[in-house]
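Trainee: Make a model of this:
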Amino acid sequence: MTRTLSRRQVVGMAGAGLALLGSRAARAAAGTLADWATPDLVVLNARIYTVDSQLPKSEAFAVKDGRFVALGTTHDIKSLAGKSTQTIDAQQMTIVPGFIDSHNHAPGNELLYEVLVGNPYEVEFVTIGSIVDKLRVKAQKTPAETWVEGYFFDDTKVTDKRALTRSDLDQVSRQLPVMVQHRGGHTAFYNSKALQMARITKDTPNPAGGTFDRDASGELTGRVTDRARDVFQRVGKHMSYTGEEAMRRDRDGLAFISKQFVRYGLTSVCHEAGNLQALQEVRARGALLHRVSYEAEGPELEAMLSGGMSTGLGDEWIRLGATCEHTADGSFSERTMAISVPYPGSNGYQGNVTESQEDLNKWCERVHGAGIQMNCHANGDVAIDHVLTAYERALRLKPNADSRPKITHCTLITDDLVRRIKAIGAVPALFTSYAYYNPDKFHFYGEELMKRCMAYRTLLDAGVPAAAGSDFDPGPFSPLMGIQGMVTRTGWNGEVWGANQRITVDEALRVNTLNGAYATREESIKGSITRGKLADFVILAEDPHAIEPAKIKDIKIVRTVVGGQTRFLA
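Mentor: Numbering: from 1, shown residues only. Predicted coordinates:
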């Protein structure tokens, strides 16, 4: 007869351990070396922060079939090991649950195959000359009428301390269209040839939801924002590939980015759309190292809607999640988000609303009605209001007490917006690395607005389970960089903005783990080091609780484990 052990007996509290399981007699009483009593892996001698309120700390755990099966003292967990059990001595290093990124564009192809004019991962300053030189090399190998493109440009990470202009890009080519994409994803910079091909002149009016920027004399600068970029998609040629070539590039890109994710300690990532077939093929080939919540748009979303597929379909490695972010306004980092007051020194500019309330209402009604988790991009307080209005309407039409609609970014909040977010159970996925990476942009808003931006403190105090969304490309996806920014609100340049929104290390860990699992409706299977949950964890060389807060981002990732299998080892 199998003996049933209580959670208190099996897990125990730190210090109480697993004495009952420590003897052969007790193990025999539990069955003939029951599966959970002969783990595949034991991790010993660690400082474990579980992010589980029932057992916040431990020093050892056991893993079987990819799940945590016991936690306790090193002595007691060691006693569970069999001859085939792998043992990791953590040597008093820190272990936390695997980090979860709730919003990531996972652009592996760009990282592998495109011209990168800025550093995707760290703060690094470049020169306009270096950008021109890189693109000029590309232009020399580019056919007529074909776009020359650069990625990961950051306008405040340029040593020249000025904006990129069409005149700069004319130095790349006057015969080919040239585009440099701001890493924020909402603005791009074009040369004169591109503007000519799109028939944009200084007299062309701005379309709804976007701008063709002009200098003081009324001439086009080459900077184009949000919806105004649409016209460029209809001109020029892009490099073409056969179906198999395109699939290979997508597979290679996804395999590459997966290696980067686990290198930084990410074990689960919400992918904003992308090639779903390629993702499945990467998994089949054993090259998918992290778990994916796939957030669909376009044909994939339409297939879900027409085929009756709702959020949650899939398994623990690839699961259909919320929708891809449905954009309601512009960008925080590029200063185009829709806010209720004019940008300081802007002559009245208040950002770009990119979709009407009516269209937003219809979209949310359709998606929510099909059982798919709603997800909208809203940075400014104006856009957040529009999104909440659409969510509230959709929930009135089809009530669901636990729909958990996502608000991607949810950057600039007010007390009333927080109240409404809480009332409908929405889950904001706020920028993570921006507090450290982007302080050079915060002066465009000023301290009073920054007190209400990336408002982790306000949201957590209100009981809103804010999650961590790096938004890579726009922000580096290092969870430790994000945690440092959340804790210190201090940028790379030493500037402090919105110190009132600081949170503790424990809170930042929860934001980057359990809250991320909650955002994807997976808190029952991951997000904490808890018996029965997936064995996703990270070993850190230093304890973020004990180290100087300004050094958290530099803590070394020693090992990343997904489902009990080591996916990265330093």
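Trainee: Which single helix of this structure contains the most residues?
Mentor: Using DSSP state H to define each element, the chain has its longest helix at helix 243-263.
Trainee: buried ones in that one?
Mentor: 249-258, 260-263 (16 or more other Cβ atoms under 10 Å). All C-beta atoms are positioned from the backbone trio N, CA, C, and that covers glycine.
Trainee: Kindly report the same for stretch 91-102.
Mentor: Within stretch 91-102, the residues that count as buried by 16+ other Cβ under 10 Å are 93-102.
Trainee: Give me the contact list for stretch 58-70.
Mentor: With contacts defined as Cβ atoms under 8 Å, 6 or more residues apart in numbering, stretch 58-70 is touched by 10-11, 14, 18, 21, 35-36, 38-48, 50, 71-74, 76-78, 80-81, 529-535, 563-565.
Trainee: After the longest helix of the chain, heading C-terminal, what element do we hit next?
Mentor: Moving toward the C-terminus from helix 243-263, the first helix or strand encountered (DSSP states H and E) is strand 266-272.
Trainee: What helices and strands are in contact with that next one?
Mentor: Applying 3 or more Cβ pairs under 8 Å, 6 or more residues apart in numbering; DSSP states H and E, one finds that strand 266-272 contacts strand 99-104, strand 291-296, helix 514-519, strand 557-562.
Trainee: quick check: angle from the next helix-or-strand element following the second one to strand 291-296?
Mentor: Read that as strand 291-296. Using DSSP H and E, the helix or strand that follows strand 291-296 in sequence is helix 298-307. On the basis of axes from the mean of the first three to the mean of the last three Cα atoms, to 10 degrees, helix 298-307 is oriented at 80 degrees to strand 291-296.
Trainee: and helix 298-307, what other elements does it pack with?
Mentor: Helix 298-307 packs on strand 291-296, helix 357-369, going by 3+ Cβ pairs under 8 Å, 6+ apart.
Trainee: Give me the sheet partners of the shortest one and which way each runs.
Mentor: The reference is to strand 291-296. Using DSSP bridges, the strands paired with strand 291-296 are strand 266-272 (parallel), strand 318-323 (parallel).
Trainee: Turn the helices and strands packed on strand 266-272 into CSV, columns for distance to W147 and mean pLDDT.
Mentor: CSV is the format used below for the helices and strands packed on strand 266-272 (distance: least, Cβ to Cβ, whole Å; pLDDT from 0 to 100):
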stretch, distance to W147, mean pLDDT
strand 99-104, 25, 98
strand 291-296, 27, 98
helix 514-519, 36, 98
strand 557-562, 37, 98
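Trainee: To D385, which of the ones you listed lies closest?
Mentor: Across those, D385 has its closest neighbour in strand 99-104 (20.2 Å, Cβ to Cβ).
Trainee: which parts of the helix or strand just after the closest one are buried?
Mentor: Scanning forward in sequence from strand 99-104 by DSSP H and E, the next helix or strand is helix 108-113. For helix 108-113, the neighbour count (16+ other Cβ under 10 Å) marks 108-111 as buried.
Trainee: cool, stretch 298-311 as well?
Mentor: Within stretch 298-311, the residues scored as buried using 16+ other Cβ under 10 Å are 300-301, 304-305, 309, 311.
Trainee: Which residue, other than its chain neighbours, is closest to I128?
Mentor: Nearest non-adjacent residue to I128, counting by Cβ to Cβ, 6 or more residues apart in numbering: D160, 4.8 Å away.
Trainee: One more: D168?
Mentor: Closest residue to D168 apart from its sequence neighbours, by Cβ to Cβ, 6+ apart: I128 at 5.5 Å.
Trainee: Just give me the neighbour total for that neighbour.
Mentor: I128 has 19 neighbours, counted by other Cβ atoms under 10 Å.
Trainee: Please renumber the chain so that the first residue is 9 from this point on.
Mentor: Renumbered: residue one is now 9, and that last one reads I136.
Trainee: List the residues that contact it.
Mentor: I136 touches 166, 168, 170, 172, 176, counting by Cβ under 8 Å, 6+ apart.
Trainee: cool, I347 as well?
Mentor: 358-359, 388-390, 420, 457.
Trainee: Okay, the closest residue to it other than its chain neighbours and A443: tell me how far apart.
Mentor: Once flanking residues are discounted, I347 sits nearest to G388: 4.1 Å by Cβ to Cβ, 6+ apart. Distance, G388 to A443, using Cβ to Cβ, to the nearest Å: 18 Å.
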